[in-house]
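> sequence and computational prediction follow.
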Amino acid sequence: MRNLTIDIGNTNSKVAVFEDREMRFHEVFPSIDEALLKSLITEYDVDCAILSNVNHAQDGLVTFLQANTRYIPFSVEKNTGIQNNYKSAGTLGLDRWAKLLAVHRLYANTACLIIDLGTCITYDYLSADARYDGGSISLGIQMRFNALAHYTGNLPHLKWDRNTEIPAGTDTQTAIISGVLQGVASELEGFINQKYKENDTLKIMVTGGDARFLLEQFKNSIFAPQIIHDPYLVLKGLNEVIAFEYV
Ligand SMILES: Nc1ncnc2c1ncn2[C@@H]1O[C@H](COP(=O)(O)OP(=O)(O)OP(=O)(O)O)[C@@H](O)[C@H]1O
Ligand SMILES: CC(C)(CO)[C@@H](O)C(=O)NCCC(=O)O
Ligand SMILES: [K+]
């Protein structure tokens, strides 16, 4: 069975086609429209489709998928066996839920801290016995640069270059870069350490457009061997909903 999985984020949209659990196609787009979906559905002879959208609603896309595929509505009701204790399950981001479903399948019986460095940075912990009690939502890297410029009179707007090392703050420009990047690095270390102290065998699953920042910062840390980079966690989780029910 060929499944079209779609992850509409706040910056980019990610699309993948799976044949059962094998990924056949993957691409990142600034946005997606019916023409794009139509070409994918035809080219890959898609059977089922599933969508997570944490951006503004795009009802047209849903209507299109309903008409042209076997469309599977995604919600937290689609559950492969996680005990979900999030108190506002109805407002839990579906991208976060999809990642939990993915690690539940990929690393069953293993405690996982999922860190997504996207538009926002999110932290979600799934215990070895598949209990989810929630996590944290924090500002993304570029968003921090944007906010410093937006809420001040004197700070310039900097577009983050992903290759920059954390500088010493010796002038306005480097002071901002240092504050943002060292701030994120310290935050990541704090969240990881907190969980690592509870369980030093946990896996640290890293995803999102800025994942490489974490990989680079912690490549020599004690928990480096436990870090796993998986850019496709949301899409794999979406596919798992279909694979679990229909394969
Ligand atoms: N206007 C913007 N606001 C926030 N981040 C931006 C913006 N433009 C580019 N970015 C970059 O994109 C990153 C997030 O998007 P990216 O696609 O790389 O990750 P993502 O995991 O797909 O995010 P999302 O799923 O939230 O769209 C940001 O951290 C930043 O580096
Ligand atoms: C936190 C984001 C923006 C991360 O993409 C998304 O998961 C979302 O919109 N969540 C809704 C709030 C919540 O997860 O409780
Ligand atoms: K909002």
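In hand now; what should we look at? Everything quoted here is computed from the prediction, not taken from an experiment. Residues are numbered from 1 along each chain as shown. Ligands and ions are numbered 1, 2, ... in the order given.
> in this protein, where is pLDDT below threshold?
Within the chain, the segments meeting pLDDT under 70 span 247.
> 90 instead?
For the chain, the stretches with pLDDT under 90 are 160, 164, 244-247.
> what parts of it come near ligand 1?
9-12, 118-119, 140-143, 146, 160, 208-210 (CB under 6 Å from any ligand atom). From N, CA and C alone the C-beta is placed, and that goes for glycine too.
> can you do 5 Å?
9-12, 118-119, 140-143, 208-210 (CB under 5 Å from any ligand atom).
> neighbours of Cys48, just the number please.
Residues near Cys48, counting by other CB atoms under 10 Å, number 21.
> okay but it is in contact with Val17, surely?
No. Using CB atoms under 8 Å, Cys48 makes no contact with Val17, being 10.4 Å away.
> what sits in contact with each of those two?
Common contact partners of Cys48 and Val17 (CB atoms under 8 Å, 6 or more residues apart in numbering): Arg2, Asn3, Leu4.
> can I get those residues in CSV with secondary structure, distance to Ser75 and neighbour count?
Below are those laid out as CSV (DSSP: H, G, I helix; E, B strand; the rest coil; distance: CB to CB, whole Å; neighbours: other CB atoms under 10 Å):
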residue, secondary structure, distance to Ser75, neighbour count
Arg2, strand, 23, 20
Asn3, strand, 17, 30
Leu4, strand, 18, 27
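> in the chain, which spans are helices?
Taking DSSP state H to define them, one finds helices in the chain at 34-43, 59-68, 94-106, 141-150, 172-198, 211-217, 233-246.
> quick one: closest of those helices to Gly81.
helix 94-106 (6.7 Å; CB to CB).
> please name every helix or strand in contact with the closest one.
Secondary structure elements in contact with helix 94-106, counted by 3 or more CB pairs under 8 Å, 6 or more residues apart in numbering; DSSP states H and E, are strand 48-53, strand 112-117, strand 120-126, strand 203-207, helix 233-246.
> quick one: contacts for the residue in the chain positioned nearest to ligand 1?
In the chain, no residue comes nearer to ligand 1 than Gly209, which is 1.5 Å away by CB to the nearest ligand atom. Applying CB under 8 Å, 6+ apart to Gly209 gives the contacts Thr11, Asn12, Leu117, Gly118.
> what's the answer for Ala108, then?
Ala130.
> could you check how far it is from ligand 2?
23 Å (CB to the nearest ligand atom, to the nearest Å).
> distance of that residue from Ile114?
Distance, Ala108 to Ile114, by CB to CB, to the nearest Å: 15 Å.
> can you check Ser221 too?
Distance from Ser221 to Ile114, by CB to CB: 18 Å.
> so which of the two has more stuff around it?
A count of neighbours by other CB under 10 Å puts Ile114 above the other of Ser221 and Ile114, at 23 against 15.
> what bridges to that one?
Here Ile114 shows beta-bridge partners Asp124, Met205, assigned using DSSP bridges.
> near ligand 2, which residues of the protein show up?
By the rule CB under 5 Å from any ligand atom, the part of the chain lying against ligand 2 is Val54, Leu92, Gly93, Asp95, Arg96, Cys120, Ile137.
> how many residues are close by the first one?
Translated: Val54. 16.
> who's in contact with the nearest residue to Tyr125 once chain neighbours are set aside?
The shortest distance from Tyr125 to any non-neighbouring residue, by CB to CB, 6 or more residues apart in numbering, is to Leu113 (5.2 Å). By CB under 8 Å, 6+ apart, Leu113 lies in contact with Tyr123, Asp124, Tyr125, Phe191, Ile192, Lys195, Leu202, Lys203, Ile204, Met205.
> sorry, back to before: next up, phi/psi of the residue of the chain closest to ligand 1, please.
When read as degrees, to the nearest 10, the backbone of Gly209 gives phi -60, psi -30.
> begin at 30, not 1, for the rest of this chat.
Shifting the count to begin at 30 puts that one at Gly238.
> how near is it to Tyr225?
Distance check for Gly238 against Tyr225: by CB to CB, it reads 25 Å.
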